[in-house]
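Chemist: following is a predicted model, sequence given first.
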Amino acid sequence: MYSGAGADTLHYNIGVAFSSGPFGPFEKYEEKVNPITLPQDPSVVGVFGPGHHSVWKDDVTGKLWAFYHQKNSDEVGWDRSVCVDELLI
């Protein structure tokens, strides 16, 4: 997983790429599901520029959780909040 684009813009987002080893080469996942934070229309749900993430596995439930920053508005700038969502693979 990686964050890409300008972090102060709506284009900042989380994507995923795969490799057979830690040093690459890496191949981006299919464009129709990349970036992985959905939906793609932030005006509908208020998701603006999510990124700068980390993933945590709950040892009790086995669930994966994504912690990330998200912009608080659709304007260019650095006003962000911390968010958490279950990561579904």
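Modeler: Great, that's in hand.
Chemist: okay, and the beta partners of the closest residue in space to Gly51 that isn't next to it in sequence?
Modeler: Among residues not flanking Gly51 along the chain, Ser3 sits closest, at 3.6 Å (C-beta to C-beta, 6 or more residues apart in numbering). Just so you know, the C-beta spots here come from the backbone N, C-alpha and C atoms, and that holds for glycine as well. Ser3 has these beta-bridge partners by DSSP bridges: Ile14.
Chemist: for Ser3, grab the count of nearby residues.
Modeler: 17 (other C-beta atoms under 10 Å).
Chemist: what's the pLDDT at it?
Modeler: With respect to pLDDT, Ser3 has a value of 90.
Chemist: repeat that for the one 5 residues further on.
Modeler: Here the pLDDT value assigned to Asp8 is 88.
Chemist: now the residue nearest to Gly51: how far from Phe18?
Modeler: For Ser3, the distance to Phe18 equals 17 Å [C-beta to C-beta, to the nearest Å].
Chemist: same check, this time on Leu88
Modeler: 17 Å.
Chemist: residue contacts, the residue positioned nearest the centre of the chain?
Modeler: The residue lying closest to the centre of the chain (C-alpha atoms, centre = their mean) is Ile14, at 2.9 Å. Contacts for Ile14 (C-beta atoms under 8 Å, 6 or more residues apart in numbering) come out as 1-3, 35-37, 50-51, 53, 66, 68.
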